[in-house]
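Undergrad: Structure for the following, please:
(2 chains)
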Amino acid sequence: MGFFSFLREKTVSPVREIKDRGILVFENTSEVIRAENVLKNSGLWVRVMGPPPEIRTGCDLVIEFPLIEGLEILRTLEGENIFPLKVVPVSGPLLEPVSIFFTKDFGDFLMVRAANMKITVEKATLTVVNISGGGCPDVPYLAAEMVGKRLDEAPSPRSIGHTLCGYALQLAYEEIQRKCLR
Amino acid sequence: MFAIIGTVPDEKFPLACGPAVMSGPSLIVDNQSVAVNRGTPALLAAAFAVCEFLGAPPPFAFLIGDIGTGSGSRKLYAHLEQSLPASRYSGLTFHYIQPDVDWHNRVLFAIEEMSVRPTLIADAGFMYAAKMSGQANSYDVFTPDIGELAFLADEIAPHPFYTRGFIFHEENRVPELIAMAYRYNNAARYLMVKGEQDVLADATGILETISAPMVPALEPIGGTGDILTGVVAALTGIGHEIPAACRDASKISRMAGELSNPNPGTQVMEIIRKIPESLALLYP
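TA: Residues are numbered from 1 along each chain as shown, chains lettered A, B, ... in the order given. Next up, the predicted model:
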């Protein structure tokens, strides 16, 4: 299951309604990525969302989960030495990640933008030629690691990024892969 | 003297504070060298090119390594909190820094203790933190692109990643998004919106639209927005009025882009090299 497949799931299957939900709060976005990978690989239903206003710091994500499955989720994370800072029940709506893409065709090049992040690929070679936008410090790092490599050889932003801009770039990366590789 | 504050994508890069000068394709600050690809080094390189051409002292840089974990940014925030109150700069430009509202507010308090208030410019991560803190109107200039403008227009989103879907990021909605950003107090005194057309605005609406030369291939090139912000930082830092600085920065950036004869795979340093030529055209 792809990391961001939950975005596409909304269009092909009904969204699972959860009335009793909780969120797992972690120290940083990298921990969220690790925890989500572990939980999804264990077959548990979770999704990455924006934190409620009272615990926002500026560049953060939380993991939403059904409260009823809390014990199993915590046990699964502990097995991988992942420990959330807090487990908080929630009742209000959480912010959803951006899910709209903009594509621009430059002839020999194709650009995809998700939120504030853009990725551009040369069509003939499928080489990532540019990454632009964003404001978090991993953007220049991601660009340095990805530009000049083929789409199917470049590291994914999910695997080396740390921030919400890295997440946005992951969405653009998946979309341009979908357009170019499938 | 004006200062530029940001990060470089190298975890081992220590806190470096000092005048920023170019040496070939690299930027040197406090005896530390960094390649100019995009991000804050590109912004500094553009500002340096303007200062060198106009015979002004180079920009002062506060740089630290951070690859997104935020640890470098927090050290930088702490250093700024300590050092800014006793310092004097004509302008401060904040750039790629991990957004953190608490640290942002501590730095803003430190700025308020300075004897002379500098021109405050925010772009990238620091602009996100400024918006989320509710202190956007403490700043003189924000330089968002269209995706970031949509984020400023969304009164709820804490980061562009959460900009709600009904706020479409389309160039033809720029006037509406600018109005929304001001309505919700999420804009600086001036907004310089970077895009196919660059749009300068304030709370009264659009002041100027710059669309020539039109070079579509610039949009995908990482660092073109950093060039524009760097030129604004340099021109305001040496005393130009903000609206004129923004207008000229747009023209200089566009002309440098055109002179580099770019395609979407062009790298930003090729454009920065053309800044002196474009300055010579604008300021003959």
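Undergrad: so what's the residue in chain A that chain B sits nearest to up against?
TA: Residue of chain A nearest chain B, by CB to the nearest CB: residue A:138 (2.6 Å). C-betas here are computed from N, CA, C, even on glycine. Residues near residue A:138 by CB atoms under 8 Å, 6 or more residues apart in numbering or on different chains: A:160-163, A:165-166, B:9, B:67-68.
Undergrad: now do 10 Å
TA: Applying CB atoms under 10 Å, 6 or more residues apart in numbering or on different chains to residue A:138 gives the contacts A:29-30, A:145, A:157, A:160-166, A:169, B:7, B:9, B:66-70, B:96, B:98.
Undergrad: Repeat that for residue B:125.
TA: A:58-59, A:134-137, A:139, A:163-165, B:6-7, B:66, B:68, B:70, B:73, B:94-100, B:104, B:159.
Undergrad: Could you rerun that using 7 Å?
TA: A:135-137, B:96-99 (CB atoms under 7 Å, 6 or more residues apart in numbering or on different chains).
Undergrad: Nearest residue to it in space, please, no chain neighbours.
TA: Nearest residue to residue B:125 in three dimensions, chain neighbours excluded: residue A:135, at 3.9 Å (CB to CB, 6 or more residues apart in numbering or on different chains).
Undergrad: Please, where are all the strands along the chain?
TA: As the question left the chain open, I've gone with chain A. Here chain A has its strands, by DSSP state E, at A:21-25, A:47-49, A:62-66, A:86-90, A:101-105, A:109-114, A:117-122, A:127-133.
Undergrad: You answered for a different chain; I wanted chain B.
TA: Counting by DSSP E, chain B has strands at residues B:2-8, B:16-23, B:26-29, B:32-35, B:60-65, B:91-94, B:119-122, B:141-142, B:190-193, B:198-202, B:205-210.
Undergrad: Next, format those as CSV and append mean pLDDT.
TA: What follows is the strands of chain B, written out as CSV (pLDDT from 0 to 100):
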stretch, mean pLDDT
strand B:2-8, 98
strand B:16-23, 97
strand B:26-29, 96
strand B:32-35, 95
strand B:60-65, 98
strand B:91-94, 98
strand B:119-122, 98
strand B:141-142, 98
strand B:190-193, 98
strand B:198-202, 98
strand B:205-210, 97
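Undergrad: Make TSV from those and add distance to residue A:113 and mean neighbour count to it.
TA: Shown next, in TSV, are the strands of chain B (distance: least, CB to CB, whole Å; neighbours: other CB atoms under 10 Å in any protein chain shown):
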stretch	distance to residue A:113	mean neighbour count
strand B:2-8	23	28
strand B:16-23	30	17
strand B:26-29	28	20
strand B:32-35	25	17
strand B:60-65	28	26
strand B:91-94	24	28
strand B:119-122	22	26
strand B:141-142	19	28
strand B:190-193	15	26
strand B:198-202	18	22
strand B:205-210	21	15
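Undergrad: between those strands, which gets nearest to chain A?
TA: strand B:2-8 (4.3 Å).
Undergrad: Which residues does that closest one contact?
TA: So strand B:2-8 is contacted by A:137, B:34, B:39-41, B:43-44, B:47, B:59-66, B:72-73, B:80, B:89-97, B:233, B:237 (CB under 7 Å, 6+ apart).
Undergrad: what are the bridge partners for residue B:21, then?
TA: residue B:28 (DSSP bridges).
Undergrad: list the contacts for it?
TA: So residue B:21 contacts B:28, B:48, B:58 (CB under 7 Å, 6+ apart).
Undergrad: do the same with residue B:63
TA: B:6-8, B:13, B:16, B:29, B:40 are the contacts of residue B:63 under CB under 7 Å, 6+ apart.
Undergrad: How is chain A partitioned into domains?
TA: Domain ranges of chain A: A:5-90, A:101-181, per automatic domain parsing.
Undergrad: any weak-confidence spans in chain A?
TA: Regions of chain A meeting the criterion pLDDT under 70 cover residues A:1-19, A:57-59, A:182.
Undergrad: Kindly report the same for the stretch 151-284 of chain B.
TA: B:166-171.
Undergrad: So what's the residue count around residue A:78?
TA: Residues within reach of residue A:78, counting by other CB atoms under 10 Å in any protein chain shown, total 11.
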